[in-house]
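Peer 1: Mind folding the following:
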Amino acid sequence: MKIISTRKLASVLLAGALIVGGSIAVSASADATGKQGTACTKVGLKSGAYTCIANPTSTSPKIVWATSNCIAAQADYQSNVGSLTSYTKNATNAASQAQSLLASYQNALTVAQTSLDAVMNKNSYTIDYDPATRKPSNQVIGYTAAIAAYQAKLAKDQAGLAAAQAALKGDQATIIAYTTGIKYRQQTIDQLNRTLSRINTTITNDQTQITTWTSTVNSAIAQQKQLTAQLTAAITSAKSTRTLACKHGL
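Peer 2: Alright, predicted model coming up:
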(Lines give C-alpha, C1' and ligand atoms only; values in the text may rest on other atoms or scores of the structure.)
Protein backbone atom coordinates (compact mmCIF):
# COMPACT_ATOMS: atom_id res chain seq x y z
CA MET A 1 0.00 0.00 0.00
CA LYS A 2 1.19 3.44 -1.01
CA ILE A 3 1.57 5.81 1.90
CA ILE A 4 0.02 9.30 1.38
CA SER A 5 2.30 12.14 2.36
CA THR A 6 1.26 14.50 5.15
CA ARG A 7 0.85 17.45 2.72
CA LYS A 8 -1.26 15.42 0.28
CA LEU A 9 -3.49 14.11 3.04
CA ALA A 10 -4.14 17.62 4.24
CA SER A 11 -5.17 18.64 0.70
CA VAL A 12 -7.64 15.75 0.41
CA LEU A 13 -9.17 16.57 3.78
CA LEU A 14 -9.56 20.28 2.82
CA ALA A 15 -11.23 19.43 -0.49
CA GLY A 16 -13.66 17.12 1.28
CA ALA A 17 -14.47 19.80 3.78
CA LEU A 18 -15.21 22.28 1.01
CA ILE A 19 -17.49 19.82 -0.79
CA VAL A 20 -19.42 18.99 2.37
CA GLY A 21 -19.59 22.62 3.35
CA GLY A 22 -20.79 23.65 -0.10
CA SER A 23 -23.53 21.02 -0.06
CA ILE A 24 -24.76 22.25 3.28
CA ALA A 25 -24.72 25.87 2.10
CA VAL A 26 -26.71 25.12 -1.05
CA SER A 27 -29.23 23.13 0.92
CA ALA A 28 -29.64 25.82 3.53
CA SER A 29 -30.12 28.64 1.05
CA ALA A 30 -32.18 26.86 -1.63
CA ASP A 31 -35.35 28.67 -0.48
CA ALA A 32 -33.64 32.03 -0.84
CA THR A 33 -32.07 31.64 -4.26
CA GLY A 34 -34.94 30.18 -6.31
CA LYS A 35 -36.11 31.59 -9.63
CA GLN A 36 -39.58 32.54 -10.81
CA GLY A 37 -42.00 29.62 -10.79
CA THR A 38 -40.04 27.43 -8.38
CA ALA A 39 -41.58 26.52 -5.06
CA CYS A 40 -40.92 28.58 -1.95
CA THR A 41 -41.91 28.01 1.66
CA LYS A 42 -43.60 31.15 2.99
CA VAL A 43 -45.65 33.92 1.39
CA GLY A 44 -43.88 37.27 1.67
CA LEU A 45 -40.39 35.82 1.88
CA LYS A 46 -37.91 37.78 -0.29
CA SER A 47 -34.73 36.81 -2.05
CA GLY A 48 -33.07 39.36 -4.27
CA ALA A 49 -35.45 40.18 -7.11
CA TYR A 50 -37.90 37.48 -6.05
CA THR A 51 -40.82 37.40 -3.61
CA CYS A 52 -42.72 34.35 -2.46
CA ILE A 53 -46.40 34.63 -3.49
CA ALA A 54 -49.41 32.43 -4.22
CA ASN A 55 -49.18 31.22 -7.79
CA PRO A 56 -51.02 33.98 -9.74
CA THR A 57 -51.84 31.77 -12.70
CA SER A 58 -53.25 28.85 -10.77
CA THR A 59 -56.07 28.22 -8.31
CA SER A 60 -53.96 25.70 -6.44
CA PRO A 61 -52.52 26.68 -3.04
CA LYS A 62 -48.97 26.34 -4.37
CA ILE A 63 -46.68 29.26 -3.55
CA VAL A 64 -43.81 30.20 -5.85
CA TRP A 65 -41.06 32.73 -6.38
CA ALA A 66 -42.06 35.66 -8.62
CA THR A 67 -40.47 38.83 -9.95
CA SER A 68 -41.76 42.34 -9.24
CA ASN A 69 -43.10 42.53 -12.80
CA CYS A 70 -45.17 39.42 -12.25
CA ILE A 71 -46.46 40.75 -8.94
CA ALA A 72 -47.36 44.13 -10.47
CA ALA A 73 -49.15 42.43 -13.37
CA GLN A 74 -51.13 40.31 -10.93
CA ALA A 75 -52.12 43.40 -8.93
CA ASP A 76 -53.25 45.16 -12.12
CA TYR A 77 -55.28 42.12 -13.16
CA GLN A 78 -57.00 41.94 -9.77
CA SER A 79 -57.70 45.68 -9.89
CA ASN A 80 -59.43 45.31 -13.26
CA VAL A 81 -61.47 42.37 -12.01
CA GLY A 82 -62.48 44.41 -8.96
CA SER A 83 -63.46 47.37 -11.14
CA LEU A 84 -65.75 45.20 -13.25
CA THR A 85 -67.35 43.62 -10.17
CA SER A 86 -67.91 47.00 -8.51
CA TYR A 87 -69.23 48.63 -11.67
CA THR A 88 -71.58 45.74 -12.44
CA LYS A 89 -73.06 45.91 -8.94
CA ASN A 90 -73.52 49.69 -9.00
CA ALA A 91 -74.82 49.76 -12.57
CA THR A 92 -77.28 46.96 -11.86
CA ASN A 93 -78.59 48.78 -8.78
CA ALA A 94 -78.93 52.06 -10.69
CA ALA A 95 -80.69 50.38 -13.60
CA SER A 96 -83.01 48.58 -11.21
CA GLN A 97 -83.94 51.85 -9.49
CA ALA A 98 -84.55 53.58 -12.81
CA GLN A 99 -86.71 50.70 -14.01
CA SER A 100 -88.68 50.73 -10.75
CA LEU A 101 -89.31 54.47 -11.11
CA LEU A 102 -90.34 53.99 -14.73
CA ALA A 103 -92.72 51.23 -13.66
CA SER A 104 -94.22 53.50 -10.98
CA TYR A 105 -94.97 56.20 -13.57
CA GLN A 106 -96.43 53.61 -15.92
CA ASN A 107 -98.66 52.37 -13.10
CA ALA A 108 -99.65 55.94 -12.17
CA LEU A 109 -100.52 56.63 -15.81
CA THR A 110 -102.73 53.54 -15.92
CA VAL A 111 -104.52 54.66 -12.75
CA ALA A 112 -105.00 58.21 -14.10
CA GLN A 113 -106.28 56.94 -17.44
CA THR A 114 -108.71 54.64 -15.62
CA SER A 115 -109.91 57.61 -13.56
CA LEU A 116 -110.32 59.71 -16.70
CA ASP A 117 -112.36 56.98 -18.35
CA ALA A 118 -114.59 56.77 -15.26
CA VAL A 119 -115.14 60.55 -15.15
CA MET A 120 -115.82 60.82 -18.86
CA ASN A 121 -117.78 57.64 -19.52
CA LYS A 122 -118.77 55.63 -16.45
CA ASN A 123 -119.49 57.79 -13.40
CA SER A 124 -123.10 58.58 -12.55
CA TYR A 125 -123.93 62.23 -11.75
CA THR A 126 -127.04 63.30 -9.91
CA ILE A 127 -128.81 66.32 -11.44
CA ASP A 128 -131.94 66.43 -9.26
CA TYR A 129 -133.10 64.98 -5.95
CA ASP A 130 -136.63 64.02 -4.91
CA PRO A 131 -137.62 66.73 -2.40
CA ALA A 132 -139.53 64.22 -0.28
CA THR A 133 -137.02 61.39 -0.09
CA ARG A 134 -133.82 63.34 -0.89
CA LYS A 135 -132.90 60.48 -3.17
CA PRO A 136 -131.59 61.02 -6.72
CA SER A 137 -134.45 61.54 -9.15
CA ASN A 138 -132.45 62.49 -12.25
CA GLN A 139 -129.01 61.07 -13.06
CA VAL A 140 -126.82 61.05 -16.12
CA ILE A 141 -123.73 59.06 -17.07
CA GLY A 142 -120.43 60.67 -18.06
CA TYR A 143 -118.84 64.11 -17.94
CA THR A 144 -120.31 65.54 -21.13
CA ALA A 145 -123.90 64.69 -20.19
CA ALA A 146 -123.36 65.95 -16.64
CA ILE A 147 -121.92 69.31 -17.71
CA ALA A 148 -124.76 69.80 -20.20
CA ALA A 149 -127.37 68.98 -17.56
CA TYR A 150 -125.77 71.15 -14.85
CA GLN A 151 -125.43 74.10 -17.25
CA ALA A 152 -129.08 73.72 -18.27
CA LYS A 153 -130.14 73.75 -14.62
CA LEU A 154 -127.84 76.72 -13.99
CA ALA A 155 -129.37 78.67 -16.86
CA LYS A 156 -132.87 77.83 -15.61
CA ASP A 157 -132.00 78.98 -12.08
CA GLN A 158 -130.45 82.19 -13.40
CA ALA A 159 -133.57 82.92 -15.45
CA GLY A 160 -135.82 82.22 -12.45
CA LEU A 161 -133.72 84.46 -10.23
CA ALA A 162 -133.89 87.28 -12.76
CA ALA A 163 -137.67 86.91 -12.98
CA ALA A 164 -138.08 86.88 -9.19
CA GLN A 165 -135.85 89.92 -8.78
CA ALA A 166 -137.76 91.78 -11.52
CA ALA A 167 -141.11 91.26 -9.82
CA LEU A 168 -142.27 94.31 -7.90
CA LYS A 169 -142.99 92.10 -4.96
CA GLY A 170 -140.50 89.32 -5.49
CA ASP A 171 -140.75 86.38 -3.10
CA GLN A 172 -137.56 86.55 -1.00
CA ALA A 173 -137.66 82.80 -0.35
CA THR A 174 -137.82 82.14 -4.07
CA ILE A 175 -134.91 84.51 -4.69
CA ILE A 176 -132.87 82.72 -2.00
CA ALA A 177 -133.76 79.32 -3.47
CA TYR A 178 -132.67 80.36 -6.96
CA THR A 179 -129.50 81.95 -5.60
CA THR A 180 -128.66 78.80 -3.65
CA GLY A 181 -129.37 76.66 -6.70
CA ILE A 182 -127.14 78.82 -8.90
CA LYS A 183 -124.31 78.60 -6.36
CA TYR A 184 -124.66 74.82 -6.06
CA ARG A 185 -124.78 74.27 -9.84
CA GLN A 186 -121.74 76.46 -10.43
CA GLN A 187 -119.75 74.82 -7.63
CA THR A 188 -120.60 71.39 -9.01
CA ILE A 189 -119.55 72.38 -12.53
CA ASP A 190 -116.31 73.95 -11.20
CA GLN A 191 -115.49 70.90 -9.08
CA LEU A 192 -116.08 68.52 -11.98
CA ASN A 193 -113.88 70.66 -14.24
CA ARG A 194 -111.12 70.80 -11.61
CA THR A 195 -111.25 67.02 -11.27
CA LEU A 196 -110.95 66.61 -15.02
CA SER A 197 -108.11 69.15 -15.20
CA ARG A 198 -106.22 67.44 -12.37
CA ILE A 199 -106.51 64.04 -14.04
CA ASN A 200 -105.39 65.41 -17.41
CA THR A 201 -102.42 67.18 -15.77
CA THR A 202 -101.45 63.94 -14.04
CA ILE A 203 -101.68 62.03 -17.30
CA THR A 204 -99.53 64.59 -19.12
CA ASN A 205 -96.93 64.57 -16.34
CA ASP A 206 -96.86 60.76 -16.20
CA GLN A 207 -96.44 60.55 -19.97
CA THR A 208 -93.57 63.05 -19.85
CA GLN A 209 -91.87 61.14 -17.03
CA ILE A 210 -92.34 57.83 -18.84
CA THR A 211 -90.67 59.29 -21.94
CA THR A 212 -87.81 60.67 -19.84
CA TRP A 213 -87.22 57.53 -17.79
CA THR A 214 -87.62 55.20 -20.76
CA SER A 215 -84.81 57.12 -22.42
CA THR A 216 -82.80 57.01 -19.17
CA VAL A 217 -83.25 53.27 -18.75
CA ASN A 218 -82.41 52.52 -22.40
CA SER A 219 -79.35 54.77 -22.21
CA ALA A 220 -78.23 53.14 -18.95
CA ILE A 221 -78.59 49.66 -20.45
CA ALA A 222 -76.64 50.64 -23.57
CA GLN A 223 -73.94 52.35 -21.51
CA GLN A 224 -73.70 49.38 -19.16
CA LYS A 225 -73.15 47.05 -22.11
CA GLN A 226 -70.49 49.35 -23.54
CA LEU A 227 -68.60 49.88 -20.28
CA THR A 228 -68.88 46.21 -19.35
CA ALA A 229 -67.33 45.32 -22.71
CA GLN A 230 -64.53 47.83 -22.10
CA LEU A 231 -63.83 46.56 -18.59
CA THR A 232 -63.95 42.96 -19.79
CA ALA A 233 -61.45 43.82 -22.53
CA ALA A 234 -59.23 45.47 -19.90
CA ILE A 235 -59.32 42.28 -17.85
CA THR A 236 -58.39 40.20 -20.88
CA SER A 237 -55.50 42.54 -21.64
CA ALA A 238 -54.33 42.52 -18.02
CA LYS A 239 -54.49 38.73 -17.97
CA SER A 240 -52.35 38.51 -21.10
CA THR A 241 -49.84 40.94 -19.58
CA ARG A 242 -49.75 38.87 -16.42
CA THR A 243 -49.19 35.69 -18.40
CA LEU A 244 -46.20 37.25 -20.14
CA ALA A 245 -44.80 38.72 -16.94
CA CYS A 246 -45.21 35.52 -14.96
CA LYS A 247 -44.55 33.08 -17.80
CA HIS A 248 -41.04 31.97 -16.94
CA GLY A 249 -41.22 28.82 -14.86
CA LEU A 250 -45.04 28.77 -14.61
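
Peer 1: Just give me the residue closest to the centre of the protein.
Peer 2: With distances taken as Cα atoms, centre = their mean, residue 94 lies nearest the centre of the chain, 1.7 Å away.

Peer 1: roughly how far apart are that residue and residue 231?
Peer 2: To residue 231, residue 94 is 16 Å away according to Cβ to Cβ, to the nearest Å. For every residue, glycine as well, the C-beta is placed using N, CA and C.

Peer 1: which residues of the chain score low on pLDDT?
Peer 2: For the chain, applying pLDDT under 70 flags the ranges 1-34, 168-170, 248-250.

Peer 1: what's the helix ranked longest in the chain packed up against?
Peer 2: Longest helix in the chain by number of residues (criterion: DSSP state H): helix 172-245. Helix 172-245 sits against helix 68-117, helix 143-166, with contacts defined as 3 or more Cβ pairs under 8 Å, 6 or more residues apart in numbering; DSSP states H and E.

Peer 1: can you redo the ones you listed as a markdown table with distance to residue 126?
Peer 2: Below are the helices and strands packed on helix 172-245 laid out as a markdown table (distance: least, Cβ to Cβ, whole Å):
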| stretch | distance to residue 126 |
| --- | --- |
| helix 68-117 | 19 |
| helix 143-166 | 9 |
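
Peer 1: got the contact list for the residue nearest to the centre of the chain?
Peer 2: Shown in contact with residue 94 (Cβ atoms under 8 Å, 6 or more residues apart in numbering): residue 220.

Peer 1: What residues of stretch 63-75 count as buried?
Peer 2: Of all the residues in stretch 63-75, those buried under the rule 16 or more other Cβ atoms under 10 Å are 63-67, 70-71, 73-74.
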